[in-house]
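Student: no FASTA, just this:
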């Protein structure tokens, strides 16, 4: 029997599927599910975490994320505009800031803000207690990433848009606000949402600031429960709760992208 | 008072001198078409008029206001000077209606109702009142360019600048844009038009300016400039543009093998 190119392609494709399926099935079969479920899926341990896992830990994780995101977005926008400014010292400052904070681990920055700022300004404190420190500590790093994202978005808006706006008599700031930035933000919604997802996970570092039972977030909450129950099921619960935040975000991005595609 | 008065205008990009001393006056109600080979500086000249490009030296006065004066409030001057671009440059995130109202509202501070009314009038004038709710991406190139013209007209300008308004259009869409422009000419709008549409220039221009290599080579009424060009460079350009099938290989430096 001769092998036509079409037949050959089909055989190769089916063989690929089979290998892929066997690998997954083999991996699943090889695991010791009894021991695994004893360790990671104990319903009594999971049950003991509620309702605090949601009313306190999940709530704080979302709150920290939103606060840091808003702070980071605002600062990031300012940095992006400085980076694109015609004034040299502004450009220098923005570039230096971005390089510095992109290069430092979030944990370190959070630590510096939590313990360095009180030393530097003994008579003042960041308002909002832990919430304030987290906002600034995570927001400073997020701002560096978002500044680059927003800058790329602004530069992706065709130059003719600004020219048309200026030609109609709009001042430069007015043209940026009404014409360029709305289009730039549409372009950067997907990468910015990525940034929220990264921030959500970075809130797991908040423990270095020393959180209490009211300011605790998911990872620390899971870790504490793990220690008292001597069982890692809380980690699975925390993981699922992170997905509760991040999966709808991905869904949201897809919706926004579809809307933006219609208007383009 | 002339609508545009340009004296000794020079413009360089780095070491490249694009405009090498331009003097040009446009009187109110005049329609001046600027023609010339690409790279001759005609678009740069147009963009200098409303200061999209900063002149290197020289003076430009619009209705007596010197825009090259560093103390000139250019935003105020631009309100009265419409500009239409080759690439339309409609605001992609706004509907057609919003494209036409945003500058009225933000710059002229008109109320929403008044801006909407004037937008409808001008969209009607360019034949697109039924597209007010559409986004630019949903329109053809010709429709987008007509919206761009309506957007400028809504500001009630005293002067309109056109930068190759039909060069980015499919051939069958050129006519609808030229029709709108002819309507403006009939209404007595002062216009400075950079164009490759020789038939349009011949029909509606009060004066045609031929530019080459950063200088105005010659100018005059269209019948004169197209009929009896005085300069050899003008003749050569018109020959290439008006009779492209008549250009011989020897004219472009190609050699027939013997």
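Tutor: Yes, it's here. Here the structure is a predicted model, which is why all the values come from computation and not from measurement. Residues are numbered from 1 along each chain as shown, chains lettered A, B, ... in the order given.
Student: give me phi/psi at residue B:216?
Tutor: phi -80, psi 120 (degrees, to the nearest 10).
Student: Quick check, residue B:161 in contact with residue B:84.
Tutor: Yes. Proximity of residue B:161 to residue B:84 meets the contact threshold set by Cβ atoms under 8 Å, at 7.1 Å. Just so you know, the C-beta spots here come from the backbone N, C-alpha and C atoms, and that holds for glycine as well.
Student: the more surrounded of these two?
Tutor: residue B:84 (27 against 24; other Cβ atoms under 10 Å in any protein chain shown).
Student: Tell me what the more buried one is bridged to.
Tutor: residue B:162 (DSSP bridges).
Student: how about the residues of chain A near chain B?
Tutor: A:158, A:160-161, A:163-171, A:174, A:178-179, A:182-183, A:186, A:262-264 (Cβ under 8 Å from any Cβ of the partner chain).
Student: Tell me the residues of the stretch 151-258 of chain B that contact chain A?
Tutor: Checking the stretch 151-258 of chain B against chain A by Cβ under 8 Å from any Cβ, the hits are B:151-152, B:155.
Student: ok, so of these, who is nearest residue B:242?
Tutor: residue B:152 (29.8 Å; Cβ to Cβ).
Student: Show me what stretch B:214-227 is in contact with.
Tutor: Residues outside stretch B:214-227 that contact it (Cβ atoms under 8 Å, 6 or more residues apart in numbering or on different chains) are B:17-24, B:33, B:36, B:40-41, B:198, B:201-203, B:205-211, B:229-231, B:233-234, B:238, B:242.
Student: Which helix runs longest in chain B?
Tutor: Counting by DSSP state H, the longest helix found in chain B is helix B:171-186.
Student: Just list what it packs against, helices and strands only.
Tutor: Contacts defined by 3 or more Cβ pairs under 8 Å, 6 or more residues apart in numbering or on different chains; DSSP states H and E place helix B:171-186 against helix B:141-153, strand B:190-194, helix B:198-204.
Student: That helix to strand B:190-194, inter-axis angle?
Tutor: 150 degrees (axes from the mean of the first three to the mean of the last three Cα atoms, to 10 degrees).
Student: Flag every buried residue along helix B:171-186.
Tutor: For helix B:171-186, burial by neighbour count (16 or more other Cβ atoms under 10 Å in any protein chain shown) applies to B:173-174, B:176-178, B:180-181, B:184-185.
Student: In helices, which of the contacts of stretch B:214-227 appear?
Tutor: B:198, B:201-203, B:233-234, B:238, B:242.
Student: I'd like those residues laid out as CSV, including neighbour count and distance to residue B:12.
Tutor: As requested, those are exported to CSV (neighbours: other Cβ atoms under 10 Å in any protein chain shown; distance: Cβ to Cβ, whole Å):
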residue, neighbour count, distance to residue B:12
B:198, 16, 29
B:201, 22, 28
B:202, 16, 33
B:203, 13, 35
B:233, 18, 22
B:234, 22, 25
B:238, 17, 28
B:242, 12, 32
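Student: nearest to chain A, of the residues you listed?
Tutor: The closest of the ones in helices among the contacts of stretch B:214-227 to chain A turns out to be residue B:201 (Cβ to the nearest Cβ; 22.9 Å).
Student: ok, what's across the strand from the nearest residue in space to that closest one that is not next to it in sequence?
Tutor: In this structure, residue B:201 finds its nearest non-sequential neighbour in residue B:33, 3.8 Å apart by Cβ to Cβ, 6 or more residues apart in numbering or on different chains. The partner list for residue B:33 in beta bridges (DSSP bridges) reads residue B:193, residue B:208.
Student: Count the neighbours of residue B:33 for me.
Tutor: The burial count for residue B:33: 27, using other Cβ under 10 Å.
Student: Show the pLDDT at it.
Tutor: For residue B:33, the pLDDT comes out at 97.
Student: Next: residue A:1.
Tutor: pLDDT, residue A:1: 62.
Student: same question, residue B:256
Tutor: 52.
Student: so what's the residue of the stretch 101-250 of chain B found nearest chain A closest to, chain neighbours aside?
Tutor: Among all residues of the stretch 101-250 of chain B, residue B:103 sits closest to chain A, at 3.7 Å; criterion: Cβ to the nearest Cβ. Of all residues not flanking residue B:103 in the chain, residue A:168 sits nearest, at 3.7 Å (Cβ to Cβ, 6+ apart).
Student: wait, isn't that neighbour in contact with residue B:81?
Tutor: No. Taking contacts as Cβ under 8 Å, residue A:168 lies outside contact range of residue B:81: 9.6 Å.
Student: Residue ranges in chain A under the pLDDT threshold?
Tutor: A:1, A:260, A:262-264 (pLDDT under 70).
Student: residues near residue B:89, how many?
Tutor: 25.
Student: Where does the residue of the stretch 1-150 of chain A found nearest chain B sit: helix, strand or coil?
Tutor: Closest to chain B within the stretch 1-150 of chain A is residue A:86: 12.3 Å, counting by Cβ to the nearest Cβ. At residue A:86 the chain is in coil, as set by DSSP: H, G, I helix; E, B strand; the rest coil.
Student: where along chain A do the helices fall?
Tutor: A:5-30, A:33-40, A:43-48, A:52, A:59-83, A:88-103, A:106-111, A:117-120, A:130-156, A:159-167, A:172-175, A:181-202, A:218-229, A:233-263.
Student: possible to save those as a markdown table with mean neighbour count?
Tutor: Shown next, in a markdown table, are these (neighbours: other Cβ atoms under 10 Å in any protein chain shown):
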| stretch | mean neighbour count |
| --- | --- |
| helix A:5-30 | 10 |
| helix A:33-40 | 12 |
| helix A:43-48 | 14 |
| helix A:52 | 15 |
| helix A:59-83 | 21 |
| helix A:88-103 | 14 |
| helix A:106-111 | 19 |
| helix A:117-120 | 12 |
| helix A:130-156 | 22 |
| helix A:159-167 | 20 |
| helix A:172-175 | 16 |
| helix A:181-202 | 19 |
| helix A:218-229 | 19 |
| helix A:233-263 | 15 |
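Student: Dump those into CSV; add distance to residue B:88 as well.
Tutor: Formatted as CSV, these follow (distance: least, Cβ to Cβ, whole Å):
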stretch, distance to residue B:88
helix A:5-30, 46
helix A:33-40, 59
helix A:43-48, 59
helix A:52, 58
helix A:59-83, 27
helix A:88-103, 32
helix A:106-111, 44
helix A:117-120, 51
helix A:130-156, 18
helix A:159-167, 8
helix A:172-175, 17
helix A:181-202, 15
helix A:218-229, 50
helix A:233-263, 16
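Student: Let's see the pLDDT reported for the most centrally placed residue in chain B.
Tutor: What sits nearest the mean C-alpha location of chain B, by Cα atoms, centre = their mean, is residue B:162, with 1.6 Å. With respect to pLDDT, residue B:162 has a value of 97.
Student: gap between it and residue A:79?
Tutor: 39 Å (Cβ to Cβ, to the nearest Å).
Student: where are the low-confidence patches of chain B?
Tutor: Using pLDDT under 70, the flagged stretches of chain B are B:253-258.
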